[in-house]
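S.K.: Quick one: sequence and predicted model below, then my questions.
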Amino acid sequence: MFAAAHRLVLSHVRRYCQKTPSRLRISEAVSGAELGAEVKVQGWVRSCRPQKTNLFLHVNDGSSLQSLQIVASSELNDPLLTFGSAVEVTGILKKSPHQKQSVELEADQIRVIGECNPVDFPLKVKERHSFEYLRQFPHLRCRTNAFSSLLRIRSEATTAMHSYFKAPSTGNEEDENFFSVPAYLTVSGQLHLEVMSGAFSKVYTFGPTFRAENSQTRRHLAEFYMVEAEISFTESLEDLTKVMEDMFRSATEHVLAHCAEDVDLFHKHVTPGHRETVDSMLKKSFPVITYSEAINILNRSSEKFAFPTHWGCDLQTEHEKYLVKHCGNVPVFVTDYPYDLKPVLCKRQRGPSGAYIICISELTPTGVCVQAAAVDLLVPGVGELCGGSLREERLDLLRARLEEYLDLRHFGSVPHGGFGLGFERYLQCILGFAPVIAHGATRSGLATSPTSTTLIFFPIKWGEQTAPVGAKRRQHFERATLQEPSCTSDRRQL
């Protein structure tokens with residue numbers, strides 16, 4: 001009896017002490033992590049080539065543009081191993097004798113987790129589907145190279161934005177931990193940030209914004225992400241433009257360094273030649289022109305604009321893109337707009353003597369207009385990317401315009417300013433590619449997915465339990481139905 005109990009204990013010890021295969025992402029496997037060890041990978045079949053004695057699979061889990069080649073005996077072939085099926089493969093990770101891949105997985109076990117009927121599956125193996133075709137299947141298009149790369153770039157760009165505001169590397173000791181107090185807010189956060197700026201000198205927010213406007217354009221989304229920042233104790237637009245330029249450079253350099261393979265996919269196959277534009281933007285400083293100078297440039301142009309230009313008119317997208325090309329196809333700041341073109345909370349521009357700067361304007365009955373302390377950042381291929389201004393902090397000037405706003409100015413009001421950046425427009429600028437939102441909202445109903453609102457990859461080790469969905473996340477998925485503006489389909493294929 002004692003011997004039987006002893007054998008039972010030993011069997012349990014062997015079971016729990018037996019080494020289990022390491023579970024790797026495809027990105028980790030193709031980089032050669034744990035070479036020579038027994039590993040387990042999970043993903044979706046990109047190709048399946050059964051031969052007489054061998055079976056070759058390419059499996060991808062979305063963590064890398066490159067798929068992992070699986071080499072197995074033909075005995076492991078299964079009729080359910082088809083393009084698009086979900087599999088779990090266990091085997092030894094080895095160096096590949098072929099030049100096309102550096103490593104391959106010699107499989108000893110292949111398990112089909114999810115079947116995929118290749119006849120019914122809208123995506124076909126070895127076919128290059130147009131973006132117009134993929135628009136019909138928003139729930140499946142993230143399996144294509146183009147959209148999976150886009151989501152990885154979006155994830156890394158999100159990380160880069162947060163990294164910049166938390167610890168920007170500008171080489172100035174005073175700039176360390178520049179925005180040390182983040183404000184986690186939903187929708188547009190300007191007014192909330194202004195509340196925070198009464199207690200914290202530098203704050204920012206990065207989150208979703210929703211607009212139920214019927215804007216049928218390629219530039220306006222019903223759901224998009226916005227980076228917004230507010231800086232207290234500043235009376236200079238240069239403070240805002242410095243942060244805008246540093247943020248753009250820092251985030252772009254981060255994305256190019258950490259998503260090189262995914263970015264190259266777009267720059268080589270979708271928007272060839274755009275990499276030179278991006279490199280030029282990073283090498284050159286951003287010029288600054290005034291609104292008056294911009295109007296003079298447009299008036300002297302031989303370009304035929306759909307919207308005529310004159311001093312006092314609002315700049316349209318065609319005007320913004322022309323100004324960018326005129327300035328060398330690099331981002332350009334436009335300052336000193338007429339006050340009537342900007343929001344009510346924007347500060348009036350003062351000259352060295354303290355008097356308001358007055359300009360001729362066709363917008364007012366008197367023919368004159370005060371300049372606004374506002375700035376827009378225009379970028380190649382997009383037009384306006386950032387819009388910012390100094391905020392009006394003086395009670396006597398605000399009292400007649402907005403009574404509900406006054407309590408924010410009663411107690412220790414300070415001069416401050418801020419800006420907002422459309423995140424999707426930023427991605428469009430560096431990729432030269434328009435459809436940059438993962439799912440968005442449609443006219444038929446809300447179609448928001450976690451991949452459009454969160455990072456793709458979470459820093460959670462295997463075996464750890466994830467935290468329950470918080471109230472803010474639940475509120476996000478319970479939002480009312482919104483509309484998505486239609487956009488012209490891009491017929492280039494990938």
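M.R.: Thanks, I have the structure now.
S.K.: which residues of the stretch 351-494 of the chain score low on pLDDT?
M.R.: Counting by pLDDT under 70, the ranges of the stretch 351-494 of the chain that qualify are 351-368, 398-414, 434-494.
S.K.: Check for me that Ala107 belongs to a helix.
M.R.: No. With DSSP: H, G, I helix; E, B strand; the rest coil as the criterion, Ala107 is strand rather than part of a helix.
S.K.: and it, how many neighbours does it have?
M.R.: For Ala107, the tally of surrounding residues (other CB atoms under 10 Å) stands at 20. Glycine gets a C-beta too; all of them are placed from N, C-alpha and C.
S.K.: swap in Pro118?
M.R.: With other CB under 10 Å as criterion, Pro118 counts 13.
S.K.: Provide a list of residues in contact with the residue lying closest to it once chain neighbours are set aside.
M.R.: Nearest non-adjacent residue to Pro118, counting by CB to CB, 6 or more residues apart in numbering: Thr82, 4.8 Å away. Shown in contact with Thr82 (CB atoms under 8 Å, 6 or more residues apart in numbering): Val45, Cys48, Glu115, Cys116, Asn117, Pro118.
S.K.: cool, Phe56 as well?
M.R.: Ser47, Cys48, Arg49, Pro50, Gln69, Ile70, Val71, Ala72.
S.K.: now swap in Ser27 and tell me
M.R.: Ser27 neighbours (CB under 8 Å, 6+ apart): Ser63, Ser64, Gln66.
S.K.: Of these, just say which sits nearest to Val39.
M.R.: Set against Val39, the nearest of those by CB to CB is Ser63 (14.0 Å).
S.K.: and the closest one, what pLDDT?
M.R.: You'll see Ser63 listed with a pLDDT of 87.
S.K.: which SS state does it fall under?
M.R.: coil.
S.K.: My guess is it contacts Ile26. True?
M.R.: Yes. Taking contacts as CB atoms under 8 Å, Ser63 lies within contact range of Ile26: 5.3 Å.
S.K.: Can you pick out the residue with more neighbours from the two?
M.R.: Neighbour count, other CB under 10 Å: between Ser63 and Ile26, Ile26 has more, with 22 against 18.
S.K.: Find the nearest non-adjacent residue to Arg249, please.
M.R.: Distances taken as CB to CB, 6+ apart place Leu282 nearest to Arg249, at 6.1 Å, with adjacent residues excluded.
S.K.: Quick check: that neighbour is in a helix.
M.R.: Yes. Assessed with three-state DSSP, Leu282 lies in a helix.
S.K.: pretty sure it contacts His254?
M.R.: No. Counting by CB under 8 Å, Leu282 does not reach His254; the two are 11.5 Å apart.
S.K.: out of those two, which sits in the more crowded spot?
M.R.: Taking neighbours as other CB under 10 Å, Leu282 and His254 compare with His254 leading, 17 against 13.
S.K.: what about that one, distance to Ser27?
M.R.: 17 Å (CB to CB, to the nearest Å).
S.K.: One more: Val87?
M.R.: Val87 is 17 Å from Ser27, by CB to CB.
S.K.: Then Ser302?
M.R.: Noted for Ser302: a distance of 50 Å to Ser27, by CB to CB.
S.K.: In stretch 70-84, which residues are buried?
M.R.: In terms of neighbour count (16 or more other CB atoms under 10 Å), stretch 70-84 has its buried residues at Ile70, Ala72, Leu76, Asn77, Leu81, Thr82, Phe83, Gly84.
S.K.: Revised request: answer the last question for stretch 273-288.
M.R.: For stretch 273-288, the buried set under the neighbour-count rule, 16+ other CB under 10 Å, comprises His274, Arg275, Thr277, Val278, Met281, Phe286, Val288.
S.K.: Now, those residues that are in strands?
M.R.: In this view, those that belong to strands under DSSP state E are Val288.
S.K.: Could I get the full set of helices for the stretch 201-350 of the chain?
M.R.: 237-258, 260-265, 274-283, 291-300, 317-326 (DSSP state H, counting those that start in this stretch).
S.K.: among those helices, which is nearest Glu156?
M.R.: helix 237-258 (4.9 Å).
S.K.: Extract the C-alpha trace of that closest one and format it as CSV.
M.R.: Only the C-alpha atoms of helix 237-258 are listed here, as CSV (Å, rounded to 0.1, in the frame of the first residue of the first chain):
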residue,chain,number,x,y,z
LEU,A,237,2.9,80.9,-29.3
GLU,A,238,6.5,79.8,-29.6
ASP,A,239,5.9,77.6,-26.5
LEU,A,240,3.1,75.8,-28.3
THR,A,241,4.9,75.5,-31.6
LYS,A,242,8.0,74.0,-29.9
VAL,A,243,5.9,71.3,-28.3
MET,A,244,4.1,70.6,-31.5
GLU,A,245,7.3,70.2,-33.5
ASP,A,246,9.1,68.2,-30.9
MET,A,247,6.1,65.9,-30.5
PHE,A,248,5.8,65.3,-34.2
ARG,A,249,9.5,64.6,-34.6
SER,A,250,9.8,62.4,-31.5
ALA,A,251,6.7,60.2,-32.4
THR,A,252,7.7,59.9,-36.1
GLU,A,253,11.3,58.8,-35.2
HIS,A,254,9.9,56.3,-32.7
VAL,A,255,7.5,54.8,-35.3
LEU,A,256,10.2,54.6,-38.0
ALA,A,257,12.6,52.9,-35.6
HIS,A,258,10.1,50.4,-34.0
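S.K.: Between helix 274-283 and it, find me the angle.
M.R.: 140 degrees (axes from the mean of the first three to the mean of the last three CA atoms, to 10 degrees).
S.K.: about what we covered before: just the pLDDT for the residue nearest to Arg249.
M.R.: With respect to pLDDT, Leu282 scores 95.
S.K.: and it, what does it touch?
M.R.: Neighbour list for Leu282: Arg249, Thr252, Glu253 [criterion: CB under 8 Å, 6+ apart].
S.K.: rewinding a little: could you list which of the contacts of Phe56 belong to strands?
M.R.: Of the contacts of Phe56, the ones assigned to strands by DSSP E are Ser47, Cys48, Arg49, Pro50, Gln69, Ile70, Val71, Ala72.
S.K.: wait, isn't Pro287 in contact with Asn329?
M.R.: No. Using CB under 8 Å, Pro287 is not in contact with Asn329; the gap is 11.3 Å.
S.K.: and this structure, what are its domains?
M.R.: Using automatic domain parsing, the domain parsing of the chain gives 15-114, 141-287+327-336+373-431.
S.K.: now, of these, which is deepest in the fold?
M.R.: For these, the largest average neighbour count (mean count of other CB atoms under 10 Å) is found in domain 141-287+327-336+373-431, namely a mean of 18.
S.K.: element containing Leu385, please.
M.R.: Using DSSP states H and E, the element containing Leu385 is strand 383-391.
S.K.: Counting by contacts, list what that strand packs against.
M.R.: Contact here means 3 or more CB pairs under 8 Å, 6 or more residues apart in numbering; DSSP states H and E; on that basis strand 383-391 packs against helix 237-258, helix 317-326, strand 374-379, strand 416-422, helix 423-431.
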